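# just the structure for this:
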Amino acid sequence: MITHATRFGLIGAGAIAQSYLLAFEKSKDAQLVGVTDISLEAATAMAERAHCSAFSDYLAMIEETDCEAVVLCTPPVTHPEITCELLKRNIHVLCEKPLAVGLSEAKLMLAAAEESTAILTMASKFRYSSDIVAAKSLIASGVIGDVVLFENAFTARVDMSHRWNSDPSISGGGVLIDNGTHSVDITRYFLGPIAEIRVVEGLRIQDIAVEDTVQIFVRSASGVMGSIDLSWSLNKELDNYVSIYGSAGTLHVGWKESKYRRAEDEQWTIFGNGYNKVDAFTNQLNDFVTSIRSGELPRISLQDALASVEVIDACYNAMWESSWSQVGSELSESVGFQ
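Now for the predicted structure:
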């Protein structure tokens, strides 16, 4: 049986859309038929490369291209209105992370999805990295024993002073909701539901209205501890973005290779070649097409997406309410320390 490629529209022609363009070029299951951006010039530039039509109005794109699905790459504050409008027309929506800037907005999207025959889910590229999937399988097999500690870090020096991601009225927050949504998604993927969190904001380096460095401490429902480092202002220069420590070994998911070592092993066992962004985006796109065709849940379900919004919401509350215990100075002063 010959199955035609699913016809997609792309809404938003910014930086993240460039990665989707490469994914559409690799995918045999998805065909890009239209690009929309409020800047027709930006949409046209992308559409010319993809050999499809450009629009400045996404509803016109839906009408004229007969697309079945959409990848939504606009800023988060726009997600509810556009998503609800598309779901009303039974257009499938792969919505870039974060799904929404808050719980009330996410609930509106959920309600629209429940009334639609179309599928809504959140895009989060790291979940579609082959090494992340392989690591999950290895953990489940018990290769490093019981998981005790989980660590994740997404840190890089990026000037955010002229980007919408640092405007809270558009983005919903700073690095916590931006990179943190990836972190929460993969933390839940490995550990299951997150039961408790504690969040500390670091020193603000950039002259922006939102947090640029944050540490999150988590405890899963099963009692596993975890920590997440997020920053737009420092680079920890780590080889690995996920490290998992178990009772019988250690596993690292790295940028260039992934590996594990059991307690009795002398050498590390390599199980992956690292993170490939285009492959991750392509896998994500193909998974969404499979879900559209089969009716099966995408790898990131709508429940996963809502849980991410819920955890990020709790993280902001924890960050704003975080209290510290003062350290007394009397003893050190009494022995001459300053």
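# ranges for the helices of the stretch 151-300 of the chain?
168-171, 175-191, 277-294 (DSSP state H, counting those that start in this stretch).
# pick the most deeply packed of those.
Ranked by mean neighbour count under mean count of other C-beta atoms under 10 Å, those are led by helix 175-191, which reaches a mean of 24. From N, CA and C alone the C-beta is placed, and that goes for glycine too.
# same question for that helix, mean pLDDT?
Across helix 175-191, pLDDT averages out at 97.
# what's the answer for stretch 239-256, then?
98.
# show me which positions of that stretch end up buried.
240-246, 249-254 (16 or more other C-beta atoms under 10 Å).
# dump that stretch to PDB, keeping only the CA atoms.
What follows is stretch 239-256, C-alpha atoms only, in PDB (Å, rounded to 0.1, in the frame of the first residue of the first chain):
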ATOM      1  CA  ASP A 239      30.800  16.100  27.900                       C
ATOM      2  CA  ASN A 240      27.400  14.800  29.100                       C
ATOM      3  CA  TYR A 241      24.000  16.400  29.400                       C
ATOM      4  CA  VAL A 242      22.500  13.600  31.400                       C
ATOM      5  CA  SER A 243      24.300  11.400  34.000                       C
ATOM      6  CA  ILE A 244      22.500   8.700  35.900                       C
ATOM      7  CA  TYR A 245      24.100   7.000  39.000                       C
ATOM      8  CA  GLY A 246      22.800   3.700  40.100                       C
ATOM      9  CA  SER A 247      23.500   1.100  42.800                       C
ATOM     10  CA  ALA A 248      25.500  -1.000  40.300                       C
ATOM     11  CA  GLY A 249      27.000   1.500  37.900                       C
ATOM     12  CA  THR A 250      26.900   4.900  36.100                       C
ATOM     13  CA  LEU A 251      25.500   5.900  32.700                       C
ATOM     14  CA  HIS A 252      26.200   9.100  30.800                       C
ATOM     15  CA  VAL A 253      24.300  10.500  27.800                       C
ATOM     16  CA  GLY A 254      26.800  12.800  26.000                       C
ATOM     17  CA  TRP A 255      27.000  15.300  23.200                       C
ATOM     18  CA  LYS A 256      29.500  13.200  21.300                       C
END
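# thinking again about what came up before, which one of the buried residues of stretch 239-256 is nearest Gly174?
Using C-beta to C-beta, Tyr241 comes nearest to Gly174 of those, at 19.2 Å.
# where does the prediction get shaky in the chain?
Within the chain, the segments meeting pLDDT under 70 span 1-3, 332, 335-338.
# report the angle between the axes of the lengthiest helix in it and helix 175-191?
In the chain, with assignment by DSSP state H, the single longest helix is helix 302-321. Per axes from the mean of the first three to the mean of the last three C-alpha atoms, to 10 degrees, the angle that helix 302-321 makes with helix 175-191 is 130 degrees.
# mind putting the buried residues of stretch 239-256 into TSV with distance to Ile194?
Converted to TSV, those look like this (distance: C-beta to C-beta, whole Å):
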residue	distance to Ile194
Asn240	21
Tyr241	18
Val242	15
Ser243	18
Ile244	15
Tyr245	18
Gly246	19
Gly249	24
Thr250	22
Leu251	20
His252	22
Val253	19
Gly254	24
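# right, and Ala113 touches Leu87 too?
Yes: applying C-beta atoms under 8 Å, one finds Ala113 in contact with Leu87, separated by 5.8 Å.
# and the two? Which one has more around it.
Leu87 (22 against 19; other C-beta atoms under 10 Å).
# OK, contacts around that one?
By C-beta atoms under 8 Å, 6 or more residues apart in numbering, the contact set of Leu87 is 93, 109, 112-113, 115-116, 118, 120.
# circling back to that earlier point, contacting residues around the longest helix of the chain?
95, 97-100, 102-103, 106, 110, 113, 120-122, 124, 173, 176-177, 180-181, 184-185, 188, 193-194, 197-201, 211, 214, 216.
# of the residues you listed, buried ones?
Buried among the contacts of helix 302-321 by 16+ other C-beta under 10 Å: 95, 97-100, 102, 106, 110, 113, 120-122, 124, 173, 176-177, 180-181, 184-185, 188, 194, 197, 199, 201, 211, 214, 216.
# circling back: mutual contacts of Ala113 and Leu87, please.
With C-beta under 8 Å, 6+ apart, Ala113 and Leu87 have common neighbours Leu120.
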